[in-house]
Every structure is written in structure tokens, then in C-alpha cells.
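Asks: pasted the sequence and its predicted model underneath.
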Amino acid sequence: MSIKLFSFNVDTEDPRTIKLEASGSAYILKNRELVPVPTTKREFNEEQDIFDFDAEFGDLFNISFNDLIHGEYIIEVYEGDVQASSPILKVYAYKDRVKGKSGVLFKIIGEDGALIYTDNMYFSPPLQDRIGRIARALGVDRKHVESIVQKYMQAI
Amino acid sequence: MLESKLFLDLKENGEVRVDYKKLRNASAEDFARIADKVRPLLMPKLGKDYNLYLKTRPELREGEELITYTLSACPYCNSLLRAVVFKRDGKVWIRKVCPEHGEIEELYFGDYEMYERFRRHQHDGRGNLNTHVPLVAPCPYNCGLCPRHKSHPALINIVVTNRCDLSCFYCFFFASRAGYIYEPTLEHIRYMLRQARRLRPQPAIALQITGGEPTLRDDLVDIVRIAKEEGYTHVQVNTTGIKLAFDADLARRLREAGTNVLYMSFDGVTPYTNPKNHWEVPYTLDNLRKAGLGVVLVPTVIKNYNLHEVGKIVKFGLKHNDIVRGVNIQPVSITGRMPRKERDKERVTIPDVIIEIEKETEGQISRYDWYPVPSVVPISRFIEAVTGEPKIAFTTHFACGAATYVWQENGEIIPITRFIDVDGLLKFLDEKADELEKGKNKYLVFLDVLVKLRKFVDVSKAPKRLREGKRIMRLLYKVFVRHDYSSLGEFHYNSLFLGMMHFQDLYNHDVARVMRCDIHYVMPDGREVPFCSFNVIPDLYRDRAQKAFSYTIKEWEEMTGQKLIDLKYRRNIKKLLSGEPYRRHYEGLFDIDSIPYEDHVLASKKFGIPVIE
């Protein structure tokens, strides 16, 4: 299964001010452990990547490619392949420079590529609740998810 | 299973049709199952219905100043393009380049200063927790609603028929021109209304029943009742009002069933500018008075046609504001393909209409009295922060609509801004909402509101009714401190709501507006589609979905024993002109006696409505 992740940074004023950056990593479940998926970076291709970008961030941040092109923006694409047929955990760290808020959001992709779980910047419960939910859904130790989150919280 | 044999897939052109006459007795649950199967087949397809051309950035020319970039559809092939929004000559324009069809440039907003003022009031929604379709295509080919949509619905539209008793020259939608009849059964309507109520955290509570002409359905009153049963607290019926001019009992039954207000076409005060229903409106208003059913006048404004009459339309609303609750003006949305030169004759935008109203009312309603729709978000934010419950928030794009309130006293028009510092109050409420969201003590915030609210109101300049006993202050305290909204009726008493809603077309189309839209249509396959996808790309949304769930005209005529052609309205102008209500309603707005009978007849016939004597 191929994995696609994005990082982006946007600064726009029209129609409303958005100053948001986010970057993601993927982990595959192996022997009840979450193992990082290696990825390679490439340039964003509008016509090839617009749909995947919107699909990735439409539900996480309620943001789309069209929001980004309203202002200054950078998008990078990270791609990787995984052989094992296991769920994938995507972790996105973000910083909202308008609200002065930062955090971590999760997505779980099933073995068949279908979306099993997604956070939402506006409606998701507190981080500790979500960590518990992710750990239960993947059948891993909660501390393992916490240590991944810690790494991102320190980075942002 | 009921639904298993009902598909009729016309493979040659890929069209999907359901054998609708077999569904006359199907339940809402049956329709849910059928819709789930049909929905994916009706979604727009990349490469077939549209292409992506996103690499080309349209260039700016000398004298042009960049505002922003956005995405937009090509008016000729629906391809998704990059577009530039820019300032030139004090106005805002949009330009895009289709590799197949060349450059398309259009007026976006007729006044740059107003664009900037409105933009400062933009507030975005938080999207929806659940949606009707997965994210499988770029906006606007993924409607709807998809997970990237930013607003919850403020108003749901449901088309209950495409039959119409008129044949307006500019309309391609009605049954005899479309070639099929779309008229969902009551159970199908119930299914659609449930679909539109599914969204969380804020389900739809306001519904507009529209057509075609909805009053042609004998069971319209039942539809209103179903809407109330399904939880819609506000129900309005969009109509020409013609049938209601002759049927006072229908007005009464609609009101008793729970209709809150009528949305009635009203394009001008003379027969020249309003050949659609000029002669019937006085009789409709009288019947609505008898029924106690309020009405909002809905003028579509076209530059070289009726822009010069918008001030008089407002004055007509004020003259009859015992029954007219508002005037909601719609600058024209250009349907079909039209060369630039022709478009320039018709195109008006929100600022153009606002400035014309300022001119026609001699500054009594000034351009600064108007606020964009999302400007009121701080009010719902504040109330939501206080109550902890999700509230309807009007988070459309700022260029989509504008509004104000006016009162009339001794011939003078008093806009709300004359006695309320609207900017100051909205800013204050936004700050208080921020404080509450950050966890500040609720009672300290209330105390601050209690103390400071009065500084935003100049009671001495309020209309008499609101001035007496400082009623306006009591109302504001009730709303913002005690959260008692029952008194809002008092605020609206004798006021006239003035609104403006500029629906897009493919020439000025902006995806940023589509994804913020809060006026949606629920379709027969259960999708909920933003207005400006439903009507602006009708071949991929409205027409495709409605045709799939339609009868042929022959089927419908056999089923009902009626002939479609027999339903067409024929106008008796002589009779309508001679009645007392006609003169009473238009007196003082134009010289009634100066228009010869022949001109009345010609105006009606030119529009497409035959005249009888």
C-alpha cells in the first residue's frame, strides 16, 4: 500500500486570515508496535495531488487547496510504501498562528485503504481522550501513542 | 426488495433513470435505500464531466492590483481553473483562462472599498461532523455536503415540483421545457427532509419549499405539515403568489399548517419591470393579510432592466410593512452562455444595488448601513459560548450577501445603524465570546455585558416604539443577558428586513464562495448541494438528479388525467386593474393612470403570459 503525507504552511488574508502550518508522519502497526514509515519528499503537483490534499485535510482542519492558493503557501508531498497489511496511523502536528494554538491530530487508515478514524481540529475531544481511543483502536499500549505525541509536541 | 428492479440505466449516454411511477407507494425508508444506490452513479466524473487545468495562473495587467487567487469553473466546459481576483478602477474583477475556451473576465464586486469593509467581517464555520458524501473529488464536483464544506446549512431548499404555470422567457427549468416532470412523492419528500436534518452538530432548522411553482401541488399544505413533523421550525414557501391572489383559503391553510413566511417574486413596481406578477400582487397581499401570513418580496435585479427601481421596491415594502416582512434582493445570476457585451448590460453586483438604493432614497439608506451576512457571527458565537449549545451561524462568504434593518416614521426611513453602533456591538460580543471560550467566569462576562451594552445604543434616535420606555434596551438585555429570544418579535415589529443575496453564475464563479455556502438544496438522491452548485452547474447536479427521479410528461398526464399545457396561467388584466386593491397598493409609487391598457397587455405578453378578457 502506498502512503501519501503532506506538510504545508499557509499565510492568507482573503477571504479570512489563515496562518497555519502542519506536517505529518505515518506509523504502521507491527507486532503491536507502531513503526515509522519511511517516506521520500517530492514537489506538490496541483493536478495530481489536489484531491489527496483535500481528502487529507478536509476533515482534519476543514481546509483545502483552494484555501491555500488564496495567499502565500508551501506544500510538500511525502510518499512511502508499506508491504504489511496492517492499519496505518497518521499523525499531524499543527500550529495555528492566528489562534496561538498548536496540537496533534490523528487519522487511522485501514488495511484496505479506507478511513477508519479521523480527528477534527474543531470538534475533537481533548488529546488524552483521543490518545486512549487511538491506542484502543490499534490495540497498542497507550504509552506508546503518548511517546509519539510527546515527540511532536516538543517539536512544535 | 422493492428497489431491486427499479433502475433503468440508459447505457448509451450514461444517463441514470429510476422508474419513478413504480415508487408512488414507496416509504421514506425505501427511498433511503434507493438513494444510497443511485447517489454514486450521479456524482460528477473527472474526465467526463469536467477537467482540471490548475497550472496556469492568469496574469495581471497594467493598472490591476492583485487581491487573491482562487479556483473557478469554466462557463463552457466546467473545467476547474485557477482564477485571479483583482482590483481595477475601484472595482473587483475575476479572470480565468481555460486552455480550451480562452480568457473569461467578469465583474466580481462593484466597489472595492465595500469589498474591503465586508471582508473584515468574514467568519468561517467549523464544518460539519458528518456529511452526506465522502471526499472523492475537488470542490465543486464533490457536492454534497463533503467533509471540506465550511458551513452548516442555514436554509434548506427542497424542490417539490418543476411544474410551473408561467413560461418565463429566461427559465429553462420548468417541466415543459425540461421535457420531464419532477414531483417527488410525500414519502420521498420526508426522506429528503430527514437527510437534510442529519448533519451535526447543527442540523438544519429552516426550510424553503420551492419549485417550479409549489402552489400547483394540491398537497402543498401536507408538505408543510411534514416539514414541521421532521423538525423544521421555520418553513417558507417560494412562489410567484399568483395562485394565492385568487385563493384566500390556500393562504389560510398554509398559515395554519405552520408556514412562517412566503418568499414572493417582485421585480419592480410597474408592469414594465414586473410583468411576472405586477397585477396579482395587490390581491395576494390582501389574502395574506386575511391569513396573517407575512411575506418577503424577492426582486431579481438586472442592470438595464429594473436596477433603477430598487428604491421604489423598498418603498413598496415599507408602505405595506403590516404584511411585508422584508425585501431580499437578488442581483442577477446569468444562466446559460452569454457574450461579454450582453453580460455587461445585465450584470449588477451587491455594491451596485446598495449604491443605487442609497441614490434612490436620497441617502436615507446609505451604503454604510449594510453589513455582510457573516458579520452577525459574533452574536451566535456569544450565545453559543454562554449556553454551550451549537447555534446557527451565518458563515457564508462575505461577497454572497448583505443585510440591514429599517423602520419608517413620519415619512423618514430609520436604518438600524442610526441608533445602534453595529460595528462596536459586534466587536464587543466577539471579544466576550473569546473570553468565555478561554474559560473566563460567565458571571463576570455577564456583568460586563450588562454595564457596557448601553454604550452601543442611542435610544433617542430609535424608532418611537423602541424608544418608548427604553424598550430597545430591555430587548437587548433579554437577548444577550437573559437569553430570552421570545422578545425578538417586538424588535421586528414594524421593521423591514432588507437583504441582498447574490447567487453566482459560471462567469463570476468562485470556489471559495461555494465551500462556504449555507443555502443548500436537498436532492432526490439524498445529497445536500450548495445553491451555487445546484443551480450554477445544473447539468451535473439539479437536472441530472431530478431527471433520474422523474416521470415522462406522458406518464404524468396519464397518471393524473391532466394536461400540462392546461395548467398555464392566463391573465385577465382588465379585471385585475379595475379592482380596488390594485390602486390602493401602488398609489404614490408610480402614475397609475399614465399607463395605457395596451401597454399592460404588451408587457404581459412579451414576458410570456397570455392575456384574456
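Replies: Everything's here; your move. Residues are numbered from 1 along each chain as shown, chains lettered A, B, ... in the order given.

Asks: ignoring the adjacent residues along the chain, who's closest to the one residue in chain B that gets nearest to chain A?
Replies: Nearest residue of chain B to chain A: residue B:148, at 3.3 Å (Cβ to the nearest Cβ). C-beta: built from backbone N, CA, C; applies to glycine. In space, and not counting its chain neighbours, residue B:148 is closest to residue A:58: 3.3 Å by Cβ to Cβ, 6 or more residues apart in numbering or on different chains.

Asks: check residue B:549 too.
Replies: residue B:524 (4.0 Å).

Asks: mind listing what the one you found touches?
Replies: Shown in contact with residue B:524 (Cβ atoms under 8 Å, 6 or more residues apart in numbering or on different chains): B:35, B:182, B:184, B:188, B:192, B:545-546, B:548-549.

Asks: by neighbour count, which of those residues wins?
Replies: Among those, residue B:192 has the most neighbours (other Cβ atoms under 10 Å in any protein chain shown), with 28 neighbours.

Asks: and it, what helix or strand is that in?
Replies: helix B:186-196 (DSSP states H and E).

Asks: run through the neighbouring helices and strands of that helix.
Replies: For helix B:186-196, the packing partners by 3 or more Cβ pairs under 8 Å, 6 or more residues apart in numbering or on different chains; DSSP states H and E come out as helix B:28-42, strand B:155-159, helix B:220-229, strand B:519-522.

Asks: could you say which of those is packed most deeply?
Replies: strand B:519-522 (a mean of 26; mean count of other Cβ atoms under 10 Å in any protein chain shown).

Asks: now the longest strand along chain A - C-alpha only, PDB.
Replies: Ranked by residue count, the top strand of chain A under DSSP state E comes out as strand A:18-30. C-alpha atoms of strand A:18-30 as PDB (Å, rounded to 0.1, in the frame of the first residue of the first chain):
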ATOM      1  CA  ILE A  18      -5.400  31.800   8.000                       C
ATOM      2  CA  LYS A  19      -1.900  31.300   9.300                       C
ATOM      3  CA  LEU A  20      -1.500  27.600   9.700                       C
ATOM      4  CA  GLU A  21       1.300  25.100   9.400                       C
ATOM      5  CA  ALA A  22       1.100  21.300   9.600                       C
ATOM      6  CA  SER A  23       3.400  18.300   9.000                       C
ATOM      7  CA  GLY A  24       2.700  14.700   9.200                       C
ATOM      8  CA  SER A  25       4.200  11.200   9.700                       C
ATOM      9  CA  ALA A  26       2.900   7.800   9.300                       C
ATOM     10  CA  TYR A  27       3.300   4.700  11.500                       C
ATOM     11  CA  ILE A  28       2.500   1.100  10.700                       C
ATOM     12  CA  LEU A  29       1.300  -1.400  13.200                       C
ATOM     13  CA  LYS A  30       3.700  -4.300  13.500                       C
END
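
Asks: show me what the helix or strand just after that strand is in contact with.
Replies: Per DSSP H and E, the first helix or strand lying C-terminal to strand A:18-30 is strand A:33-36. The contact list for strand A:33-36, computed with Cβ under 8 Å, 6+ apart, reads A:25-29, A:89, A:138, A:140, A:144-145, A:148.

Asks: these two touch, right, residue B:582 and residue B:576?
Replies: Yes. Applying Cβ atoms under 8 Å as the test, residue B:582 and residue B:576 come out as touching, 6.2 Å apart.

Asks: which residues are in contact with each of those two?
Replies: Here residue B:582 and residue B:576 have residue B:279 as joint contacts, going by Cβ under 8 Å, 6+ apart.

Asks: and residue B:116, how many neighbours?
Replies: Residue B:116, neighbours per other Cβ under 10 Å, totals 14.

Asks: what average pLDDT does whichever helix or strand it is part of get?
Replies: Counting by DSSP H and E, the element that carries residue B:116 is helix B:112-119. Over the span of helix B:112-119, the pLDDT mean works out to 98.

Asks: kindly report the same for stretch B:571-591.
Replies: Stretch B:571-591 shows a mean pLDDT of 97.

Asks: how far does the helix holding residue B:116 sit from its chain's centre?
Replies: 22 Å (Cα atoms, centre = their mean, to the nearest Å).

Asks: can you pull the buried residues of that helix?
Replies: Within helix B:112-119, the residues that qualify as buried by neighbour count (16 or more other Cβ atoms under 10 Å in any protein chain shown) are B:112, B:114-115, B:117-119.

Asks: among those residues, which ones lie close to chain A?
Replies: When contact is defined as Cβ under 8 Å from any Cβ of the partner chain, those meet chain A at residue B:119.

Asks: what does the helix holding residue B:116 contact?
Replies: Applying Cβ under 8 Å, 6+ apart, the contact partners of helix B:112-119 are A:14-16, B:67, B:87, B:90-92, B:109, B:350-351, B:354, B:367, B:371-372, B:375, B:398-399, B:402.

Asks: one more time with 7 Å
Replies: A:14-15, B:87, B:90-92, B:109, B:351, B:367, B:372, B:398-399 (Cβ atoms under 7 Å, 6 or more residues apart in numbering or on different chains).

Asks: so who does the closest residue to residue B:599 other than its chain neighbours touch?
Replies: Closest residue to residue B:599 apart from its sequence neighbours, by Cβ to Cβ, 6+ apart: residue B:271 at 6.9 Å. Contacts here follow Cβ under 7 Å, 6+ apart; on that basis residue B:271 touches B:278, B:595, B:599-600, B:603.

Asks: show the pLDDT at residue B:271.
Replies: 97.

Asks: still on that earlier bit, mean pLDDT for the helices and strands packed on helix B:186-196 - can I get that in TSV?
Replies: Output for the helices and strands packed on helix B:186-196, formatted as TSV (pLDDT from 0 to 100):
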stretch	mean pLDDT
helix B:28-42	95
strand B:155-159	98
helix B:220-229	98
strand B:519-522	98
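
Asks: who wins for neighbours among the contacts of residue B:271?
Replies: Most surrounded of the contacts of residue B:271: other Cβ under 10 Å gives residue B:278, at 25 neighbours.

Asks: SS state for the closest residue to it other than its chain neighbours?
Replies: Spatial nearest neighbour of residue B:278, excluding adjacent residues (Cβ to Cβ, 6+ apart): residue B:271 at 4.7 Å. Following DSSP: H, G, I helix; E, B strand; the rest coil, we place residue B:271 in the coil state.

Asks: and the gap between residue B:271 and residue B:309?
Replies: From residue B:271 over to residue B:309 the distance is 12 Å, taken as Cβ to Cβ, to the nearest Å.

Asks: low-confidence ranges, the stretch 151-300 of chain B, go.
Replies: When residues are selected by pLDDT under 70, those of the stretch 151-300 of chain B lie in B:172.

Asks: where do the helices of it begin and end?
Replies: Assigned by DSSP state H, counting those that start in this stretch, the stretch 151-300 of chain B shows helices spanning B:175-178, B:186-196, B:220-229, B:242-246, B:248-257, B:281-291.
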